[in-house]
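Q: dropping the sequence and predicted coords here.
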2 protein chains.
Amino acid sequence: MKNFTFFVVAVAALAGLVAFIVPAPGHADGAANPPYVTEIPQGYRDWQWVSSAHEAGSLNSLGAVLGNDIAIKAYREGKLPYPDGAIIAALHYRNVPSDENNKVFGKVQSFVPGPPTNIQFMVKDSTRYAATGGWGFGHFQNGKPADADFMKPCFPCHAKAKGTDLVFTRYAP
Amino acid sequence: MKNFTFFVVAVAALAGLVAFIVPAPGHADGAANPPYVTEIPQGYRDWQWVSSAHEAGSLNSLGAVLGNDIAIKAYREGKLPYPDGAIIAALHYRNVPSDENNKVFGKVQSFVPGPPTNIQFMVKDSTRYAATGGWGFGHFQNGKPADADFMKPCFPCHAKAKGTDLVFTRYAP
């Protein structure tokens, strides 16, 4: 009886552990949701500048990519893959003409970041995010993380940038 | 005789000092060239990000504005005028489509910094640059400063941004 109790407890504990490690399947197709970033990394607005980016078309976005010290070091050394601890932040804003600048230029020429739209993160942790190439993806709007459904396309799309360890943005010299 | 020698030496020294402080007039119109920034401020590539900017049209530029600690603090506190020691750097690149990104998107959507075009600086020193609103302007191409003629339009144009202490770029939150 004693042994059986131990067995039950052990199985329950193991089940709990497995439940903790493996995210619950949440969709009709039964696929597990890999973990993603649900908390905004601290201090990201103070990080160094990697590059700027303008997405035209429906995104109509102007922004910047910043990196924490580990990411910036890896960028500058050109070493791949990025080491654990590297975090890359993409700060997106609506791409808007600057009325005050254009008044000076005398034409619509100057475009600047307008209202913030979202912040995205890539957090390198080859253990925690093993299922998504070692990167945890995060997307925040008004400080709140996107849901698992929204996050699904991040990895397969970034996986296309295999040659740069899934990172699209290049370092601007 | 001794007194006269002292006088000559003193006048010569004073003249040297004045020559050092006041830049020589260099143009047919006889206007003195106000001092401008002729050395690239150290470590600017490590500074924090203020904002990104895209200049369309003939400039076709994509870049970022970075600030040293003094400038960033002033930006964040919204205090004007910027204190002495503040330096703002504008890193400009040709605005080019990212072929590797667009291949993933399936359309020409993504624009990134291409080859560097120039770096510009505004250095706040209300004494040294008193003639140009307390700001020294700098423009560097391939590491070399522009000449005095090239620098002439900087101040009158920036003077139009009087409400923000001659600084066009706003801080992106």
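A: Yep, it's here. All figures in this text were calculated on a predicted structure; none of them were measured in a lab.

Q: what's the neighbour count on the closest residue to A:Glu55 other than its chain neighbours?
A: Nearest residue to A:Glu55, sequence neighbours excluded (C-beta to C-beta, 6 or more residues apart in numbering or on different chains): A:Ser61, at 4.3 Å. All C-beta atoms are positioned from the backbone trio N, CA, C, and that covers glycine. Neighbour count for A:Ser61, taken as other C-beta atoms under 10 Å in any protein chain shown: 22.

Q: my read: A:Ala89 touches A:Gly67, true?
A: Yes. Using C-beta atoms under 8 Å, A:Ala89 is in contact with A:Gly67, at 7.3 Å.

Q: shared neighbours of these two, anything?
A: Residues within reach of A:Ala89 and of A:Gly67 at once, by C-beta atoms under 8 Å, 6 or more residues apart in numbering or on different chains, are A:Trp47.

Q: on the three-state scheme, the residue lying closest to A:Arg76 once chain neighbours are set aside is what?
A: In this structure, A:Arg76 finds its nearest non-sequential neighbour in A:Tyr171, 6.7 Å apart by C-beta to C-beta, 6+ apart. Three-state call for A:Tyr171 (DSSP: H, G, I helix; E, B strand; the rest coil): coil.

Q: where do the strands sit along chain A?
A: A:48-55, A:61-67, A:87-97, A:110-124, A:135-141, A:144-145 (DSSP state E).

Q: about what we covered before: which residues does the residue nearest to A:Arg76 contact?
A: A:Val50, A:Ser51, A:Tyr75, A:Arg76 are the contacts of A:Tyr171 under C-beta under 8 Å, 6+ apart.

Q: list the beta-bridge partners for the closest residue in space to the first one that isn't next to it in sequence.
A: In this case it means A:Val50. In space, and not counting its chain neighbours, A:Val50 is closest to A:Val65: 4.2 Å by C-beta to C-beta, 6+ apart. For A:Val65, the beta-bridge partners under DSSP bridges are A:Ser51, A:Ala90.

Q: circling back to that earlier point, and the strands of chain A as TSV, adding mean pLDDT?
A: TSV is the format used below for the strands of chain A (pLDDT from 0 to 100):
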stretch	mean pLDDT
strand A:48-55	97
strand A:61-67	97
strand A:87-97	98
strand A:110-124	97
strand A:135-141	98
strand A:144-145	98
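
Q: returning to that earlier point: now the buried members of the contacts of A:Tyr171.
A: The neighbour-count test (16 or more other C-beta atoms under 10 Å in any protein chain shown) marks A:Val50, A:Ser51, A:Tyr75 as buried among those.

Q: touching, the second one and A:Ala172? I think so.
A: Yes. Here A:Ser51 lies in contact with A:Ala172, judged by C-beta under 8 Å, at a distance of 4.1 Å.

Q: return every residue with contacts to both of these two.
A: Joint contacts of A:Ser51 and A:Ala172 (C-beta under 8 Å, 6+ apart) are B:Ala64, B:Val112, B:Pro113.

Q: re the thing from before, and which of the buried ones among the contacts of A:Tyr171 is nearest to chain B?
A: Nearest to chain B out of those is A:Ser51 (C-beta to the nearest C-beta; 5.7 Å).
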